[in-house]
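Novice: this one's structure only:
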């Protein structure tokens with residue numbers, strides 16, 4: 001007979017197993033029927049005690065999970081966000097709903113009730129796609145920083161951009177640095193495994209000129225001043241934990257305004273805070289139940305938006321970081337605080353641009369709503385006219401628009417004849433930069449003299465759509481990352 005032990009201390013169960021083996025060995029060598037009956041009765045009592053003890057204690061996970069990196073003193077997960085859901089479909093034998101009604105995210109509504117059952121702190125987090133409980137410590141798996149190795153020489157590229165091999169090192173030069181020419185990139189770098197996702201936000205530049213680029217489940221840092229790769233960090237699961245790519249595939253990232261912290265959103269709904277100065281992970285917030293598509297900082301606070309349309313406001317200094325929330329009916333694909341922190345703009349997949357006030361704990365209704373024919377993914381506030389915001393249209397629209405958020409009207413628009421995937425304002429140059437998809441895959445610099453927009457540069461070099469844009473602090477260089485797995489640097 002074989003017993004399966006599912007609870008209790010491992011040392012205790014080892015002792016019980018040894019006792020059971022000794023007992024069975026003695027029973028086999030017994031030749032008297034009466035003694036066999038007595039041993040059988042003792043064995044039944046022994047087995048009954050094991051079963052009773054197992055049923056009185058909570059079952060252990062089928063695969064032991066080591067504790068890994070412990071939480072910092074005073075750290076607590078927000079009780080509103082104790083359960084996580086995988087984006088993958090559920091298995092047939094699992095219930096359709098688990099913990100949260102209708103798989104909706106928890107929200108904090110003014111005067112409303114929570115739509116989630118608050119889970120006690122010690123309750124395991126149920127992950128349906130894996131069918132096993134995962135404790136809070138499993139989320140605090142930690143990140144590992146790896147400094148870059150200095151590599152000399154230029155990678156040789158042959159053929160078209162489609163032939164770029166995935167074994168190239170991130171930020172490896174693909175051409176020699178050239179003198180800036182209008183319409184030509186100064187430097188072309190490799191970005192292997194860059195996710196070809198229109199709705200992701202995987203590139204950002206800090207106020208110190210540090211470029212952050214997410215490739216799969218890793219984030220690479222590149223110094224735009226020295227033009228050198230600084231290093232990369234990625235999650236480091238221990239044996240018995242979930243797959244790293246499943247757990248932490250990155251969908252968005254954003255630098256804090258002082259350039260000291262990097263906020264990272266994953267496809268599992270977690271938000272990680274990384275202390276770049278000390279090269280260590282500060283916190284993991286299991287905030288959303290779906291893909292975190294956009295992040296934006298407001299001084300010491302930051303906001304996150306998910307594919308389910310939920311906007312969460314976080315204060316990472318507080319034990320319970322979730323300090324406010326709002327919800328929109330459509331999936332969220334862009335989110336940005338205005339330069340003066342007065343308003344928050346959010347764009348939806350249904351083409352709605354909403355403007356929210358700065359009271360994150362107060363009213364949860366937008367003050368202005370505007371409509372365009374396609375998803376509002378490319379979006380950005382004008383730094384020098386702070387009530388103006390620009391948006392770009394997708395394949396069905398292709399219009400570049402500038403909106404007056406006070407009146408909710410479009411003050412100017414231009415047909416770009418191309419899908420607009422990304423958008424950035426250059427404050428010091430007083431220009432607007434857009435990254436495009438089909439059919440041209442180029443970058444356009446726009447001069448804006450209110451209210452008219454006119455194109456000044458067309459930068460070509462990408463062979464697929466330009467998904468992400470970033471600018472260095474003084475606005476003299478443009479960084480573009482495309483679906484061709486290349487990063488281009490342009491002089492403005």
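Specialist: Received it, and whenever you're ready, just let me know what you need. Since we're looking at a predicted model, the values are computed, not measured.
Novice: residue ranges with poor pLDDT in the protein?
Specialist: Along the chain, the parts satisfying pLDDT under 70 run over 1-142, 150-167, 179-182, 237-248, 363.
Novice: Residue ranges of each domain in it, please.
Specialist: In terms of domains, the chain is parsed into 10-56, 143-491 (source: automatic domain parsing).
Novice: Burial-wise, tell me which of the ones you listed comes out on top.
Specialist: Sort the domains of the chain by mean neighbour count, taking mean count of other CB atoms under 10 Å, and domain 143-491 sits at the top with a mean of 19. From N, CA and C alone the C-beta is placed, and that goes for glycine too.
Novice: start to end distance for that domain?
Specialist: 34 Å (CA to CA, to the nearest Å).
Novice: what does stretch 260-271 give?
Specialist: Stretch 260-271 has its terminal residues 16 Å apart, counting by CA to CA.
Novice: Could you check how far the residue lying closest to residue 301 once chain neighbours are set aside is from residue 302?
Specialist: Once flanking residues are discounted, residue 301 sits nearest to residue 315: 5.3 Å by CB to CB, 6 or more residues apart in numbering. Counting by CB to CB, to the nearest Å, the separation of residue 315 from residue 302 is 9 Å.
Novice: What of residue 335?
Specialist: Counting by CB to CB - residue 335 and residue 302 are separated by 10 Å.
Novice: shared neighbours of those two, anything?
Specialist: Residues touching both residue 335 and residue 302 (CB atoms under 8 Å, 6 or more residues apart in numbering) are 295-296.
Novice: Do I have it right that residue 222 meets residue 215?
Specialist: No: using CB atoms under 8 Å, residue 222 is not in contact with residue 215; the gap is 11.5 Å.
Novice: The nearest residue to residue 321 once chain neighbours are set aside bridge partners, please.
Specialist: Closest residue in space to residue 321, ignoring its immediate chain neighbours: residue 314 at 4.5 Å, by CB to CB, 6+ apart. Beta bridges link residue 314 to residue 302, residue 322, judged by DSSP bridges.
Novice: check contacts around residue 314.
Specialist: Counted by CB under 8 Å, 6+ apart, residue 314 has contacts 271, 285, 287, 301-304, 321-323.
Novice: swap the cut-off to 7 Å and go again
Specialist: Residue 314 makes contact with 285, 287, 301-302, 304, 321-323, according to CB atoms under 7 Å, 6 or more residues apart in numbering.
Novice: all helices for the stretch 301-450 of the chain, in order.
Specialist: Counting by DSSP state H, counting those that start in this stretch, one finds no helices in the stretch 301-450 of the chain.
Novice: Check the secondary structure at the residue nearest to residue 260 when sequence neighbours are not counted for me.
Specialist: Distances taken as CB to CB, 6+ apart place residue 277 nearest to residue 260, at 5.5 Å, with adjacent residues excluded. Put simply, residue 277 is coil when judged by DSSP: H, G, I helix; E, B strand; the rest coil.
Novice: I'd guessed residue 277 sits against residue 261; true?
Specialist: No: using CB atoms under 7 Å, residue 277 is not in contact with residue 261, being 8.6 Å away.
Novice: Could you tell me how far residue 318 is located from residue 324?
Specialist: Taken as CB to CB, the span from residue 318 to residue 324 is 12 Å.
Novice: wait, which of the contacts of residue 314 is closest to residue 210?
Specialist: Of all those, residue 302 has the smallest distance to residue 210: 17.6 Å, by CB to CB.
Novice: these two touch, right, the closest one and residue 263?
Specialist: Yes: using CB under 7 Å, residue 302 makes contact with residue 263 at a distance of 5.5 Å.
Novice: Overlap of the contact sets of these two?
Specialist: Common neighbours of residue 302 and residue 263 (criterion: CB under 7 Å, 6+ apart): residue 295.
Novice: Skipping adjacent residues, who's closest to residue 445 in space?
Specialist: Of all residues beyond its chain neighbours, the one nearest residue 445 is residue 457 (4.1 Å), with distances taken as CB to CB, 6+ apart.
Novice: For the stretch 151-300 of the chain, which segments count as helices?
Specialist: Under DSSP H, counting those that start in this stretch, the stretch 151-300 of the chain gives helices at 244-248.
Novice: any chance you could map the strands in it?
Specialist: For the stretch 151-300 of the chain, the strands defined by DSSP state E, counting those that start in this stretch cover 187-190, 203-205, 210-215, 218-223, 228-235, 250-255, 261-266, 270-275, 280-286, 292-298.
Novice: Take those strands and write them to TSV, including distance to residue 373.
Specialist: Below are the strands of the stretch 151-300 of the chain laid out as TSV (distance: least, CB to CB, whole Å):
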stretch	distance to residue 373
strand 187-190	34
strand 203-205	26
strand 210-215	29
strand 218-223	34
strand 228-235	39
strand 250-255	24
strand 261-266	27
strand 270-275	31
strand 280-286	35
strand 292-298	20
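Novice: of all those strands, which lies closest to residue 427?
Specialist: strand 203-205 (12.8 Å).
Novice: what helices or strands is the closest one leaning on?
Specialist: strand 210-215, strand 250-255, strand 466-471, strand 477-482 (3 or more CB pairs under 7 Å, 6 or more residues apart in numbering; DSSP states H and E).
Novice: Which strands or helices does the last one pack on?
Specialist: Contact partners of strand 477-482 among helices and strands, from 3+ CB pairs under 7 Å, 6+ apart: strand 203-205, strand 466-471, strand 486-491.
Novice: Check the third one too.
Specialist: For strand 466-471, the contact count by 3+ CB pairs under 7 Å, 6+ apart identifies strand 203-205, strand 420-426, strand 431-436, strand 477-482 as packing neighbours.
Novice: how about 10 Å then?
Specialist: Packing partners of strand 466-471 (3 or more CB pairs under 10 Å, 6 or more residues apart in numbering; DSSP states H and E): strand 203-205, strand 210-215, strand 420-426, strand 431-436, strand 443-449, strand 477-482, strand 486-491.
Novice: For residue 145, which of those strands is the nearest?
Specialist: Minimum separation from residue 145 across the helices and strands packed on strand 466-471 (CB to CB) falls at strand 210-215, 13.3 Å.
Novice: Okay, now the sheet partners of the closest one, with direction.
Specialist: With DSSP bridges as the test, strand 210-215 is paired with strand 203-205 (antiparallel), strand 218-223 (antiparallel).
Novice: between the ones you listed, which gets nearest to residue 341?
Specialist: Closest among the strands paired with strand 210-215, using CB to CB: strand 203-205, at 18.1 Å.
Novice: outside of the closest one, which residues touch it?
Specialist: Under the criterion CB atoms under 10 Å, 6 or more residues apart in numbering, residues 191, 194, 210-214, 222, 224, 252-255, 259, 262-263, 295, 422, 424, 467-473, 477-481, 487 lie in contact with strand 203-205.
Novice: what's across from residue 449 in the sheet?
Specialist: Using DSSP bridges, the bridge partners assigned to residue 449 are residue 452.
Novice: any idea how far it lies from residue 383?
Specialist: 16 Å.
Novice: rewinding a little: turn the helices and strands packed on strand 466-471 into TSV, columns for distance to residue 310.
Specialist: TSV is the format used below for these (distance: least, CB to CB, whole Å):
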stretch	distance to residue 310
strand 203-205	22
strand 210-215	21
strand 420-426	23
strand 431-436	27
strand 443-449	32
strand 477-482	27
strand 486-491	31
